[in-house]
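>>> Give me a 3D structure for the following:
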Amino acid sequence: MINLYSGENTVLLTLTEKQTLTSPNYVFKFTHRVTNEEVVIFKKNAADTSAYKTRYNKFTIDTMSFNDAGQYEYIVYEVTGNTTDTTNANVLETGIAIYHTDAICYTTHSTCNEFVVR
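Got it, this is the predicted structure:
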């Protein structure tokens, strides 16, 4: 599961293990589970900033295009060229991403327990 917050997010994935192309570009498709809003993000191979690409892939995802908070199903495709067309593209990874519009805040309460012994 991927947790996304407003702004830029660092995302770690394991895409290389299922790649069939030598140096593919990537298309990320996020589909909101309730509203069916679709967000498509294109990333070039050079955008993978992982130091160990055979182990994991590291990308920065900007959530400017996301309108609705909540759960999204995501699919990552490998493509050739600079296109977001995924008609015959190979699927590298699928999963669930949760987009949070606000930072998570934890509320703590202090209690004052008074015991009466009789």
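
>>> What ranges does the chain have for its strands?
The residue ranges that make up the strands of the chain, judged by DSSP state E, are 2-5, 8-13, 25-32, 38-43, 57-62, 70-79, 90-100.

>>> Next up, the contacts around residue 18.
Applying CB atoms under 8 Å, 6 or more residues apart in numbering, we find residue 18 in contact with 90-93. In this view, the C-beta of every residue, glycine as well, is placed from N, C-alpha and C.

>>> could I get the strands of the chain as CSV with distance to residue 108?
Converted to CSV, the strands of the chain look like this (distance: least, CB to CB, whole Å):
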stretch, distance to residue 108
strand 2-5, 21
strand 8-13, 26
strand 25-32, 32
strand 38-43, 35
strand 57-62, 31
strand 70-79, 26
strand 90-100, 20
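
>>> can I get those strands in a markdown table with distance to residue 110 and mean neighbour count?
What follows is the strands of the chain, written out as a markdown table (distance: least, CB to CB, whole Å; neighbours: other CB atoms under 10 Å):
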| stretch | distance to residue 110 | mean neighbour count |
| --- | --- | --- |
| strand 2-5 | 28 | 16 |
| strand 8-13 | 33 | 14 |
| strand 25-32 | 38 | 20 |
| strand 38-43 | 41 | 15 |
| strand 57-62 | 38 | 17 |
| strand 70-79 | 32 | 19 |
| strand 90-100 | 26 | 15 |
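
>>> Make CSV from those strands and add mean pLDDT and distance to residue 19 to it.
Converted to CSV, the strands of the chain look like this (pLDDT from 0 to 100; distance: least, CB to CB, whole Å):
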stretch, mean pLDDT, distance to residue 19
strand 2-5, 94, 19
strand 8-13, 95, 12
strand 25-32, 96, 10
strand 38-43, 96, 14
strand 57-62, 95, 10
strand 70-79, 96, 6
strand 90-100, 96, 7
